[in-house]
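S.K.: Starting from these lines, generate the structure:
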Amino acid sequence: MQPLAERMRPRSLDDYVGQQHLVGQGAVLRRMIDSGRISSFILWGPPGTGKTTLAQIVASRLELPFSTLSAVTAGVKEVRDVIDRAKANPLFRTKGSPILFIDEIHRFNKAQQDSLLGAVERGDITLIGATTENPSFEVIRPLLSRMQVYVLNSLGKEDLLKLVERAISTDEILSRRHIELKENTALLRFSGGDARKLLNILELVVEACGDGDVSITDSLVTECLQQNPLAYDKDGEMHYDIISAFIKSVRGSDPDAALYWLARMVQAGEDPAFIARRLIISASEDVGLANPNALLIANAAFDAVQKIGWPEGRIPLAEATVYLATSPKSNSAYMGINTALETVNQTGNLPVPLHLRNAPTSLMKDLGYSAGYKYAHDYQDHYVKQQYLPDELKDTTFWTAQNNQQELKIKERLDALKSRTD
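M.R.: Numbering: from 1, shown residues only. Down below sits the predicted model:
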């Protein structure tokens with residue numbers, strides 16, 4: 001049996017709830033559909049706002065061939081196969097270009113997006129993309145220039161309650177039972193404007209009540225969700241909980257746990273760029289100077305993901321994850337910048353010592369700018385004793401070496417230089 005959210009998916013614009021600024025009478029998408037001619041466009045909005053449903057309604061209303069790809073699993077080959085099939089279709093150019101719907105188009109890398117350009121330009125396909133991310137940052141400019149962007153909003157209270165009442169009264173399963181919505185605050189709060197999440201929660205609550213009558217209250221909804229912490233939370237708190245567990249496993253030098261949480265994110269369709277960015281942060285914050293190569297590896301993983309896309313991108317992410325998790329750890333750079341920031345907040349804009357200032361004009365030279373500055377490269381080992389901090393902070397220490405091989409070597413070298421008498 002299909003989930004409630006799928007059973008309740010609208011089949012026409014008359015059943016479509018929300019987004020009246022796009023599909024209401026006289027709105028831009030409604031006019032386009034009514035005219036029977038559509039151009040390529042991107043639907044940008046939060047999860048559960050009807051992006052996929054709207055694309056399917058467009059194809060059904062215009063009676064056009066409809067293909068769908070998920071950017072999480074599809075590659076250039078799959079895109080080209082769809083385009084070739086579209087051009088070979090006997091209906092091609094009789095009723096209009098076949099529609100290719102790409103869910104989560106922001107996950108396509110540049111090469112994958114480039115593969116769409118020619119087909120969109122020639123009109124071989126009408127491309128409809130769906131994304132939860134700002135297309136200005138995630139979609140390449142040449143493709144973006146060939147498409148309109150339409151913004152979908154989270155559903156409001158009135159729209160959400162309309163969906164609930166419709167599901168209770170018309171769904172083939174729920175309509176057989178006596179279901180009363182006595183309170184709606186928790187239901188609306190947990191759904192967060194997401195129609196799919198709303199219907200999933202409704203289905204969970206009804207199933208939790210067994211075969212008897214159902215009286216939906218705030219306490220019942222809260223109790224059911226607490227008993228099912230993994231349900232309906234992919235885009236909410238669990239998103240942050242899992243990335244937190246992932247980074248803490250890397251920090252704790254547990255590669256097995258780190259790989260497990262990485263797999264959870266991959267399986268859930270997490271943005272690979274988000275994972276890669278967090279690895280770069282961890283390489284600096286948690287591994288740091290104990291193994292400076294960690295930052296290079298994390299950066300390389302980020303670049304690799306951008307170049308090869310998904311699903312192969314999971315491999316360099318796993319490599320970087322294991323490398324960081326098994327590296328020696330140090331947060332000395334992280335602690336150092338935090339200490340320095342605290343000092344700046346406490347002391348304000350202290351003046352730069354005169355000998356450290358540039359003197360591009362004669363007036364500045366007359367005022368003593370740059371006077372007495374010692375050029376370190378002119379001295380033995382490229383080092384000379386000199387004050388670099390403001391007078392008020394002279395001899396303040398912000399960075400402290402930690403007990404690992406790399407930083408102890410750094411400390412030993414700095415101590416040797418500072419102890420020189422020349």
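
S.K.: Can you read off the pLDDT for residue 91?
M.R.: pLDDT recorded at residue 91 is 54.

S.K.: distance of the nearest residue to residue 389 once chain neighbours are set aside from residue 226?
M.R.: The shortest distance from residue 389 to any non-neighbouring residue, by CB to CB, 6 or more residues apart in numbering, is to residue 396 (6.1 Å). Glycine gets a C-beta too; all of them are placed from N, C-alpha and C. For residue 396, the distance to residue 226 equals 50 Å [CB to CB, to the nearest Å].

S.K.: More neighbours: which of these two?
M.R.: Neighbour comparison, residue 396 and residue 226: the larger count goes to residue 396, with 12 against 8 (by other CB atoms under 10 Å).

S.K.: Give the helix, strand or coil label for that one.
M.R.: Using DSSP: H, G, I helix; E, B strand; the rest coil, the structure places residue 396 in coil.

S.K.: Next one: it, what pLDDT does it get?
M.R.: What the model reports for residue 396 is a pLDDT of 88.

S.K.: so how far is residue 98 from it?
M.R.: Distance check for residue 396 against residue 98: by CB to CB, it reads 68 Å.

S.K.: now do residue 112
M.R.: Residue 112 sits 19 Å away from residue 98, going by CB to CB.

S.K.: Double-check that residue 277 belongs to a strand.
M.R.: No. Inclusion of residue 277 in a strand is not indicated when three-state DSSP is applied; the result is helix.

S.K.: Identify the residue spatially nearest to it, adjacent ones excluded.
M.R.: In space, residue 277 comes closest to residue 302 once its chain neighbours are excluded; the distance is 6.9 Å by CB to CB, 6+ apart.

S.K.: Could you report the neighbour count for that neighbour?
M.R.: 21.

S.K.: Can you mark which positions in whatever helix or strand it lives in are buried?
M.R.: Counting by DSSP states H and E, the element that carries residue 302 is helix 293-308. Applying a neighbour-count criterion of 16 or more other CB atoms under 10 Å, one finds 294-295, 297-298, 301-302, 304-305, 308 buried in helix 293-308.

S.K.: Check stretch 324-335 too.
M.R.: 324-325, 327-333, 335.

S.K.: Tell me how far the nearest residue to residue 301 once chain neighbours are set aside lies from residue 413.
M.R.: Taking CB to CB, 6+ apart, and ignoring the residues beside it in sequence, residue 301 has residue 320 as its nearest neighbour in space, at 3.7 Å. If you measure residue 320 against residue 413 using CB to CB, the figure is 29 Å.
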